[in-house]
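> Quick one, fold the following:
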Amino acid sequence: MSFIYENNKQLIIELKKLMIENDFSQKQLAEELEIMPQALTKLFSKKNFSFEDVKKILNVMNYDLSIKFTKK
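Residues are numbered from 1 along each chain as shown. You can find the predicted model right below:
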């Protein structure tokens with residue numbers, strides 16, 4: 001899965017799509033991250049959602065974060 005990053009909102013949407021594609025519920029993800037489901041919901045609503053947050057989530061789903069720079 002790849003996409004051109006636009007903003008954090010889009011990044012969260014893409015993560016949620018990946019969760020759906022891999023049959024990962026938010027409850028299951030929260031358990032794997034050892035946080036409460038409410039904390040995961042709060043994490044997804046953060047304006048300053050970081051790539052470190054993404055990396056933790058992807059790690060649980062057995063994915064790597066790959067960043068590629070392309071010239072416009």
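
> wait, Lys56 sits on Ile35?
No. In this structure Lys56 lies outside contact range of Ile35 using C-beta atoms under 8 Å: 9.8 Å. C-betas here are computed from N, CA, C, even on glycine.

> And the helices in this structure, which stretches?
If DSSP state H is used as the criterion, the helices of the chain fall at 8-21, 26-33, 37-44, 51-60.

> And the last one, what's buried?
In other words, helix 51-60. For helix 51-60, burial by neighbour count (16 or more other C-beta atoms under 10 Å) applies to Asp53, Val54, Lys56, Ile57, Leu58, Val60.

> same deal with the first one?
Applying a neighbour-count criterion of 16+ other C-beta under 10 Å, one finds Asn8, Leu11, Ile12, Leu15, Met19 buried in helix 8-21.

> Spit out the contact partners of the third one.
Taking C-beta atoms under 8 Å, 6 or more residues apart in numbering as the criterion, Ile12 is in contact with Phe44, Phe49.
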